[in-house]
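A.B. asks: next one to model:
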Amino acid sequence: MIERKMEKITIDRVLRYIKRKTKTTKDGKEVVSILHAELAAKMAFEGGRQSVIDNIPELEWGVVHYLGKETLRAYPLGAYFKIEFVGMEFKVHCNEHFVTRSLSLSDAKQAALLHYKNIVKKALGL
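C.D. replies: Numbers count the residues shown, from 1 in each chain. Predicted structure coming up:
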């Protein structure tokens, strides 16, 4: 697998790579070796997977009143996130499992988003 942490893999970068590795035969045909074609495909695939993570939108929170408590809930792609204000802190849960606690609502929302991104990364094998 190709790992390039420092530079984002974009389709333009992959196309530039293919262009650099393209050779012209005596009869004028442009060819790329199987090795370079496979590397370009892997680069594009990895770039596509990473772009999913980079473009995950903010979670959309809805307010729910249950048993006299107000909670925030979000349901991205089958996951269930909940933020409750308990004591003097916000508790974040995902699929009924405790994730973290925070002193501010904005930090709690960020923690939920980060947890969600990690779920997606794991699903994509990143």
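A.B. asks: in this structure, which spans are strands?
C.D. replies: 23-24, 30-31, 62-66, 69-74, 81-86, 89-94, 97-102 (DSSP state E).
A.B. asks: of all those strands, which lies closest to Asp12?
C.D. replies: strand 30-31 (18.6 Å; C-beta to C-beta). C-beta here means a position set from N, CA and C on the backbone, and glycine is covered the same way.
A.B. asks: if we can go back for a sec, out of the strands of the chain, flag the one nearest Ala44.
C.D. replies: It's strand 30-31; of the strands of the chain, that one is closest to Ala44 (C-beta to C-beta) at 18.5 Å.
A.B. asks: report the strands that pair with that closest one, each with its relative direction.
C.D. replies: strand 23-24 (antiparallel) (DSSP bridges).
A.B. asks: tell me which of the strands of the chain sits nearest to Val14.
C.D. replies: strand 30-31 (16.1 Å).
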